[in-house]
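# Provided below are the primary sequence and the corresponding predicted coordinates.
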Amino acid sequence: GQQVMQIPQYQHVQEGEDFTTYCNSSTTLSNIQWYKQRPGGHPVFLIQLVKSGEVKKQKRLTFQFGEAKKNSSLHITATQTTDVGTYFCAGSTTDSWGKLQFGAGTQVVVTP
Amino acid sequence: DTGVSQDPRHKITKRGQNVTFRCDPISEHNRLYWYRQTLGQGPEFLTYFQNEAQLEKSRLLSDRFSAERPKGSFSTLEIQRTEQGDSAMYLCASSYSGTGLNEQFFGPGTRLTVL
């Protein structure tokens, strides 16, 4: 079945540094979404990517969807303490639009 | 508060007991989803509804799990004969299909502990 994998599992970052987290799917996706979950909280939607090669930016966050629609990345520049949390990617396929398959997430810890 | 709400927030039960959780989605949202999340993992899809129709159910889901959304508004998730392995956070989410965007809004979850 469809599997979504994320690396790294943990990311320790110094405040002000950049980092990237990666997401890979075993199958071609129709769309990919990114969510952020703060400690003790619930997942909060960040963005959805649909087109092959799509790039979207939200302030310091840059999201990419691979040409083959099987991978994605999230790049954060100038990390701040407010970026702490776990970032999940989640994908669905054309024949199962409503079923989101989440990765295990990248837990981000920011050191001041 | 117009967000997704879930009740109860915490449930402790003994192995073998039945439990039922409720989810109230955002009022105009026609899609409703149930997920299960354990520590260190992402949400695991269980099932989803469009209006009152259950459109998909995870093949990993035991027959002990059943979900309903009788009037296309709130939903219930029942677990029969609970096992210790059922201990997890049960998350509900909702979305509106009319935007073309499948942005899902999550509720705070119900934390289940099976003793």
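Yep, that arrived.

# who's in contact with residue A:51?
residue A:65 (C-beta atoms under 8 Å, 6 or more residues apart in numbering or on different chains). In short, each C-beta sits where N, CA and C put it, glycine included.

# again, only using 10 Å
Residues near residue A:51 by C-beta atoms under 10 Å, 6 or more residues apart in numbering or on different chains: A:31, A:65, A:69.

# where does it fall, phi/psi-wise?
phi -90, psi 150 (degrees, to the nearest 10).

# Could you find the closest non-adjacent residue to residue A:112?
residue A:15 (5.2 Å; C-beta to C-beta, 6 or more residues apart in numbering or on different chains).

# Contact partners for the one you found?
Counting by C-beta under 10 Å, 6+ apart, residue A:15 makes contact with A:78, A:79, A:80, A:81, A:83, A:110, A:111, A:112.

# Pull out the buried members of those residues.
Among these, those buried by neighbour count (16 or more other C-beta atoms under 10 Å in any protein chain shown) are A:79, A:83, A:110.

# List the pairing partners of the least confident helix or strand in chain A by mean pLDDT within its sheet, with orientation.
Least confident helix or strand of chain A, by mean pLDDT, DSSP states H and E, is strand A:96-102 with a mean of 88. With DSSP bridges as the test, strand A:96-102 is paired with strand A:85-93 (antiparallel).

# Tell me which stretches of chain B form strands.
B:5-7, B:10-13, B:19-24, B:31-37, B:44-50, B:53-57, B:65-68, B:75-79, B:88-95, B:105-106, B:110-114 (DSSP state E).

# Where does pLDDT dip in chain B?
Residues of chain B that meet the criterion pLDDT under 70 lie in B:1.

# State the distance from the residue most central in space within it to chain A.
Nearest to the mean C-alpha position of chain B, by C-alpha atoms, centre = their mean, lies residue B:34 at 3.1 Å. Residue B:34 sits 11 Å away from chain A, taking C-beta to the nearest C-beta, to the nearest Å as the criterion.
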